[in-house]
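>>> what follows is a protein structure lacking sequence information:
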């Protein structure tokens with residue numbers, strides 16, 4: 001509708017214009033709309049002033065569209081039709097939010113965040129359709145910056161130069177080993193015991209690599225990274241097959257632990273905390289649906305006993 005200036009988007013005035021055009025006179029339009037004829041005449045005059053041209057020729061037989069009026073009429077009718085459709089849609093949903101919301105998260109969050117979010121929204125806000133994107137923290141930040149995502153759930157480690165967001169929960173990092181492994185059979189393992197262990201970790205400069213490299217230098221130990229893999233599935237598969245250890249929060253491997261494939265030992269001295277933040281794109285304003293998803297997501301996290309357990 002770029003042909004109609006935004007200043008003309010007064011729906012009442014446009015309805016008057018269409019009524020006069022269809023009925024051919026101010027009197028007939030006045031009867032149709034139940035409005036005083038002088039008021040209708042003033043609205044048409046104002047519309048013509050804003051259009052910078054006459055929309056009607058006044059004749060002895062009534063109001064006849066000019067060339068400008070003839071060109072404008074179908075555009076105005078289309079705009080009014082779209083406005084009516086929007087009103088109908090809002091009435092049908094009772095004012096509830098609707099539309100697509102694109103959300104990105106690391107794979108480890110889908111079981112405890114993504115799946116509950118889907119079912120909660122389906123029950124309470126069926127007009128919202130989620131689109132999930134899986135990626136690393138760096139990928140999620142890139143997608144947020146480009147506006148590809150509406151919301152993101154990346155990990156953050158300590159001070160970060162990445163876009164800020166609302167912290168929603170934290171999870172300690174664990175050394176992940178295969179089932180039956182002696183080093184990871186205990187509840188915790190000191191960071192210095194990672195010295196020389198074969199590790200599969202994300203490629204630099206990921207948050208976890210930066211954090212682990214910094215701690216290794218501080219404690220004067222050497223991290224033996226035998227393979228780099230940004231895929232959580234690849235990291236855990238290599239670990240389950242006894243090819244290397246990896247570092248993840250326990251919630252990332254709960255399924256594999258339940259299946260007896262992996263085990264997790266919390267890293268201590270120091271504890272390595274991963275903070276999960278809810279970040280909104282700055283590429284465009286948040287829709288009503290996006291704001292609703294963010295609110296429900298916070299509710300799910302605040303009520304989740306599982307997430308609180310991993311944060312303890």
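Thanks, I have it. These numbers were taken from a predicted model, which means no experiment stands behind them.
>>> ok, the residue lying closest to residue 107 once chain neighbours are set aside - contacts?
Nearest residue to residue 107, sequence neighbours excluded (Cβ to Cβ, 6 or more residues apart in numbering): residue 232, at 4.6 Å. No exception for glycine: its C-beta is placed from N, CA and C like everyone else's. Residues near residue 232 by Cβ atoms under 8 Å, 6 or more residues apart in numbering: 106-108, 248, 252.
>>> swap the cut-off to 10 Å and go again
Contacts for residue 232 were tallied using Cβ atoms under 10 Å, 6 or more residues apart in numbering; they are 106-108, 134, 136, 202, 246, 248, 252-253.
>>> of the residues you listed, which pair is most distant in space?
Pairwise distances across those (Cβ to Cβ) peak at 17.6 Å, for the pair 134 and 246.
>>> between those two, which one's more packed in?
Set residue 134 next to residue 246 and count neighbours by other Cβ atoms under 10 Å: residue 246 wins out with 28 against 15.
>>> does that one really touch residue 235, like I thought?
Yes. Using Cβ atoms under 10 Å, residue 246 is in contact with residue 235, at 4.3 Å.
>>> who touches both of those two?
Common contacts of residue 246 and residue 235, defined by Cβ under 10 Å, 6+ apart, comprise 176, 199-202, 227, 229, 252-253.
>>> buried among those residues? Make that a PyMOL selection.
Here is the PyMOL command that selects the buried residues among those (16 or more other Cβ atoms under 10 Å):
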select buried, resi 176+199+200+201+202+229+252+253
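>>> for residue 54, see how far away residue 64 is.
11 Å (Cβ to Cβ, to the nearest Å).
>>> kindly apply the preceding question to residue 61 instead.
17 Å.
>>> could you do residue 224 as well?
According to Cβ to Cβ, residue 224 and residue 54 sit 83 Å apart.
>>> in the chain, what spans have low per-residue confidence?
1-9, 85-95, 158-164, 305-312 (pLDDT under 70).
>>> okay, now the domains of it?
6-92, 100-311 (automatic domain parsing).
>>> make TSV out of the shared contacts of residue 246 and residue 235 and add secondary structure and distance to residue 298.
Shown next, in TSV, are the shared contacts of residue 246 and residue 235 (DSSP: H, G, I helix; E, B strand; the rest coil; distance: Cβ to Cβ, whole Å):
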residue	secondary structure	distance to residue 298
176	strand	28
199	strand	34
200	strand	33
201	strand	31
202	coil	27
227	strand	37
229	coil	32
252	helix	21
253	helix	25
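>>> of all the shared contacts of residue 246 and residue 235, which comes closest to residue 96?
Closest to residue 96 out of the shared contacts of residue 246 and residue 235 is residue 252 (33.9 Å), distances taken as Cβ to Cβ.
>>> what sits against that closest one?
Counted by Cβ under 10 Å, 6+ apart, residue 252 has contacts 106-109, 111-112, 171, 173-174, 176, 232, 235-236, 246, 262, 264, 274, 310.
>>> ok, residue 226 next?
Contact partners of residue 226, counting by Cβ under 10 Å, 6+ apart, are 197-201, 238, 243-245.
>>> apart from its chain neighbours, what residue comes closest to residue 203?
Using Cβ to Cβ, 6+ apart, the nearest residue to residue 203 is residue 228, at 4.2 Å.
>>> next up, phi/psi of the one you found, please.
The phi/psi pair for residue 228 (degrees, to the nearest 10) reads phi -100, psi 130.
>>> pretty sure it sits against residue 204.
Yes. Under the criterion of Cβ under 10 Å, residue 228 makes contact with residue 204 at 8.0 Å.
>>> more neighbours: which of these two?
Using other Cβ under 10 Å, the more surrounded residue of residue 228 and residue 204 is residue 228, with 15 against 11.
>>> which residues in the stretch 51-200 of the chain form helices?
With helices called from DSSP state H, counting those that start in this stretch, the stretch 51-200 of the chain shows them at 67-92, 115-124, 137-146.
>>> any idea which of those is most buried?
Ranked by mean neighbour count, the helices of the stretch 51-200 of the chain are led by helix 137-146 with a mean of 19 (mean count of other Cβ atoms under 10 Å).
>>> just to revisit the earlier point, let me know the closest of the shared contacts of residue 246 and residue 235 to residue 183.
Distances from residue 183 to the shared contacts of residue 246 and residue 235, taken by Cβ to Cβ, are shortest for residue 176, at 10.6 Å.
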